[in-house]
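[1] any chance you can model this:
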Amino acid sequence: MGRIIGFIIWLICCFIFVHIGIISLKADKPVGFFAQSEPPKVKDVKAYNKAVAKIWFFFAAGMLILGLPLIIGGQNSPLIIISIIGTMFLAIGICVIYIFVENKYKE
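    Predicted coordinates for the structure are as follows:
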């Protein structure tokens, strides 16, 4: 039962990132990516926001896949290491991807 509750909480986090992506996609002004940072001045606001939204959607999908060991493994399963380390690399990866997106659209 505990692993089901853990996976449901994991899913809620995934939906939060999908929601952030939807907000980014619908925004009229450039959206910020990192916390407490000003969004850059961009050439094409719509394309930039769409690219940022794709990053958030990719992150949510990656987290969903990385959460599967919560369902597959039993309680105290070492498979949770896959979720933890995978999420860390996923977070680093989206930061690197964002840097490329920012450089592409920056004025």
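
[2] what about the helices in this protein?
    2-26, 45-66, 68-72, 80-105 (DSSP state H).

[3] for the longest one, the averaged confidence score.
    Summarised as a single mean, pLDDT over helix 80-105 is 94.

[4] mind listing what's buried in it?
    Within helix 80-105, the residues that count as buried by 16 or more other CB atoms under 10 Å are Ile80, Ile82, Ser83, Gly86, Thr87, Leu90, Ile94, Ile97, Tyr98, Val101, Glu102, Tyr105. C-beta: built from backbone N, CA, C; applies to glycine.

[5] and which of those residues is nearest Phe17?
    Ile94 (9.8 Å; CB to CB).

[6] picking that back up, redo the helices of the chain as CSV? Include distance to Ala35.
    Listed next are the helices of the chain as CSV, based on distance: least, CB to CB, whole Å:
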stretch, distance to Ala35
helix 2-26, 12
helix 45-66, 14
helix 68-72, 26
helix 80-105, 12
